[in-house]
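Q: this one's structure only:
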């Protein structure tokens with residue numbers, strides 16, 4: 001299993017923004033979604049996940065709120081702000097450009 005902090009250090013914010021672009025969610029579900037989408041290869045550790053949430057929230061990219069669970073522990077949910085949605089779209093465009101450049105450098109066709 002890949003360690004996000006080693007392999008995708010610069011992409012953690014965008015990975016989380018991508019998950020939140022699908023709708024409001026909370027840490028455990030985001031972590032599981034990333035693990036499943038990566039075929040079990042990418043695991044966002046809890047410390048990485050919550051550090052990223054705090055950083056994105058301080059930057060105004062996401063907002064948090066407490067859920068209204070009827071049973072079980074209360075959960076802190078996160079949602080994209082308009083600024084977060086714009087950043088996510090910019091980061092996706094950057095990724096496409098970088099991917100094309102690296103593919104060309106590796107002699108791979110896009």
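A: Perfect, thanks for sending it. Everything numeric in this text was worked out from a predicted model, so none of it was measured. Numbers count the residues shown, from 1 in each chain.

Q: element containing residue 109?
A: Following DSSP states H and E, one finds residue 109 outside all helices and strands.

Q: which one is it nearest to, not counting chain neighbours?
A: residue 103 (7.1 Å; Cβ to Cβ, 6 or more residues apart in numbering). Just so you know, the C-beta spots here come from the backbone N, C-alpha and C atoms, and that holds for glycine as well.

Q: what does the model give the one you found for pLDDT?
A: Note for residue 103: predicted pLDDT of 91.

Q: buried residues of the top helix by length along the chain, list them for me.
A: With secondary structure taken from DSSP state H, the chain has its longest helix at helix 82-105. Buried residues in helix 82-105, counted by 16 or more other Cβ atoms under 10 Å: 84, 87-88, 91.

Q: from these, pick the one nearest residue 8.
A: Nearest to residue 8 among those: residue 91, at 12.5 Å, using Cβ to Cβ.

Q: how far away is the most centrally placed residue in the chain from residue 108?
A: Of all residues in the chain, the one closest to the mean position by Cα atoms, centre = their mean is residue 16, 1.3 Å from it. Distance of residue 16 to residue 108, computed by Cβ to Cβ, to the nearest Å: 28 Å.

Q: pretty sure residue 60 is touching residue 81, no?
A: Yes. Residue 60 lies in contact with residue 81 (Cβ atoms under 8 Å); the separation is 5.9 Å.

Q: comparing those two, which shows the higher neighbour count?
A: residue 81 (16 against 12; other Cβ atoms under 10 Å).

Q: pLDDT value on that one, please?
A: pLDDT for residue 81: 98.

Q: sketch out the low-pLDDT regions of the chain for me.
A: Within the chain, the stretches with pLDDT under 70 are 1-7, 110.

Q: residue ranges for the helices of the chain, please.
A: Under DSSP H, the chain gives helices at 4-7, 12-20, 27-37, 46-58, 82-105.

Q: by how many degrees do the longest helix of the chain and helix 46-58 diverge?
A: Angle between the axes of helix 82-105 and helix 46-58 is 120 degrees (criterion: axes from the mean of the first three to the mean of the last three Cα atoms, to 10 degrees).
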